[in-house]
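J.: Sequence below, structure please.
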Amino acid sequence: MSRCVSVLNQVLAIALLSAMVFVSGCGEDSGGLFNPLVDSILGGVIIIGGSAVAVAAAGDGEETEEVPYVVKETPMVLIPAGEFEMGDAFNEGSNAELPVHTVYLDAFYMDIYEVTNAQYARFLNEYGKNSDAAGHGLLSIDGGWIEKVESIYSPASGYEDHPVVGVTWYGAAAYAQFYGKRLPTEAEWEEAARGGLAGKRYPLGDEITHNDANYDGTGGKDVWDWGTDPVGSFAPNGYGVYDVAGNVWEWCADEYDSVYYGVSPTNNPKGPGTAIMFANNDFTNVKTIRVLRGGSWYNDTYFLRVSLRHYYEPSDSNFNCGFRCVSQYSSWVHLWRAINSTPESVSQTSCGACVEESRQRSCVGLSDPAEDKTASCRLVGNERWHEAHNACRGGFNLS
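T.: Okay, here's the model as predicted:
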């Protein structure tokens, strides 16, 4: 493998493992030697050749227990800032999809794949329980493809790379917060699903077939008659995002309101009610219905339209509902990308410098450098550090 290994000391607020963090793509190990066999270690997950072997977290003095499944990391893609027309241009759906209105969004990153069973099982093992801080259930084990044997969650054999189903909105939100991400707003989801195409019915144009997506029935590339397909089984849209039509419904951050489009702000709409920041467990306060988008393997093509709006209670868990995450655009992420445009150019110095500069320069403009030690600046600095750190791990795949 061409990529080398780096170690960064990462002090997590949750004191996770107090371990060294190997950043994918650059650096040196704790002994100062490159190890071509290991790409990174983060939060109890060893990434080997682009995949991850999950390791159950252990307390002090306990031995870690390796679990028998591989977790593939999901790259994120940049969705550029700009305007698009949101809603049903064909007047085929319900009034909730009207009026068509102009929306401006800031740039953001989106997972190119839906969160998989292997990824969600890893999350549950690291999170340590199947409920959030307020006691809301995260995942329905019955009927899904994640199993719990004693204290270890594992994906069912053969379903590791299928999207997780049976996850509640709280479960999607908890996952997003835990990994420093968030759920997309409904507007972000639609813009990403459109893939840069204006006024089209589906992510790839005005028509859709079983060669494009997994939905009710079979044919062409769609051989999954009654269930999910492995993520990325069909061609991506123009932004490089997979499975935004069919496979599973995807949770969004927004509260659902059938008349919201009539009063939606133009810039970065976040839905009615209180916007969720996915910080400090604020998502646990949600009690109102939440938006889902994209249709699923269970639905016909009407429900796969990019403008169609659906909703469930946040505590609902269904056999055809999953999610993907987004992250806010950061100039520091792109600083890393400017320094390291190809895997071959990555070095310990450039990656480490970017990460540290991201932390320190987040407080640029303060009159006294000593003010960097204030609590508010540390908070912002740590957020910037995590953004750059995650970009350094997965930056080869960002666009």
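J.: Confirm His210 sits in a helix?
T.: No: counting by DSSP: H, G, I helix; E, B strand; the rest coil, His210 is not part of a helix but coil.
J.: can I assume it is in contact with Gly217?
T.: Yes: at 7.0 Å, His210 counts as touching Gly217 under the criterion of Cβ atoms under 8 Å. No exception for glycine: its C-beta is placed from N, CA and C like everyone else's.
J.: higher neighbour count, those two?
T.: His210 (19 against 12; other Cβ atoms under 10 Å).
J.: Can you give me the pLDDT of that one?
T.: Looking at His210, its pLDDT stands at 98.
J.: same question, Tyr69
T.: 81.
J.: Now it: which helix or strand?
T.: Taking DSSP states H and E as the criterion, Tyr69 maps to strand 65-72.
J.: and the next element down the chain from that strand?
T.: In N-to-C order, the element after strand 65-72 by DSSP H and E is strand 76-79.
J.: so what strands line up beside that next one?
T.: Strand 76-79 has its sheet partners listed here by DSSP bridges as strand 108-111 (antiparallel).
J.: how about the strand it pairs with as PDB, C-alpha atoms only?
T.: This file holds the C-alpha atoms of strand 108-111, laid out as PDB (Å, rounded to 0.1, in the frame of the first residue of the first chain):
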ATOM      1  CA  PHE A 108     -21.600  21.000   2.800                       C
ATOM      2  CA  TYR A 109     -20.200  17.400   2.700                       C
ATOM      3  CA  MET A 110     -22.400  14.400   2.400                       C
ATOM      4  CA  ASP A 111     -21.700  10.700   2.900                       C
END
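J.: Just the buried residues of stretch 272-286, please?
T.: 276, 278, 283-284, 286 (16 or more other Cβ atoms under 10 Å).
J.: Correct me if wrong, but Ala172 is in a helix.
T.: Yes: with three-state DSSP as the criterion, Ala172 is assigned to a helix.
J.: which ones are touching the nearest residue to it once chain neighbours are set aside?
T.: Distance criterion Cβ to Cβ, 6 or more residues apart in numbering; nearest residue to Ala172, sequence neighbours excluded, is Phe323 at 3.9 Å. Applying Cβ atoms under 8 Å, 6 or more residues apart in numbering, we find Phe323 in contact with 114-115, 164, 167, 172, 175-176, 183, 250-251.
J.: try Phe234
T.: 211-214, 221-222, 242-243.
J.: Give me the buried subset of these.
T.: Buried members of those, counted by 16+ other Cβ under 10 Å: 212-214, 221-222, 242-243.
J.: From Arg122, how far off is Tyr179?
T.: Distance of Tyr179 to Arg122, given as Cβ to Cβ, to the nearest Å: 10 Å.
J.: Now do stretch 191-202: distance from first to last residue.
T.: Distance between the two ends of stretch 191-202: 12 Å, counting by Cα to Cα, to the nearest Å.
J.: tell me which residues of that stretch are tucked away?
T.: Going by neighbour count (16+ other Cβ under 10 Å), the buried part of stretch 191-202 is 191-195, 197, 200-202.
J.: Which residue, other than its chain neighbours, is closest to His310?
T.: The nearest residue in space to His310 (Cβ to Cβ, 6+ apart) is Leu292, at 4.4 Å.
J.: I meant to write Asp106 there.
T.: In space, Asp106 is closest to Ala81, 5.2 Å off (Cβ to Cβ, 6+ apart).
J.: which regions of the stretch 51-200 of the chain lie under the pLDDT threshold?
T.: Applying pLDDT under 70 to the stretch 51-200 of the chain flags residues 51-68.
J.: Outline the domain layout of the chain.
T.: 5-74+329-397, 82-328 (automatic domain parsing).
J.: wait, Arg182 sits on Arg324?
T.: No: counting by Cβ under 8 Å, Arg182 sits too far from Arg324 to count as a contact (11.0 Å).
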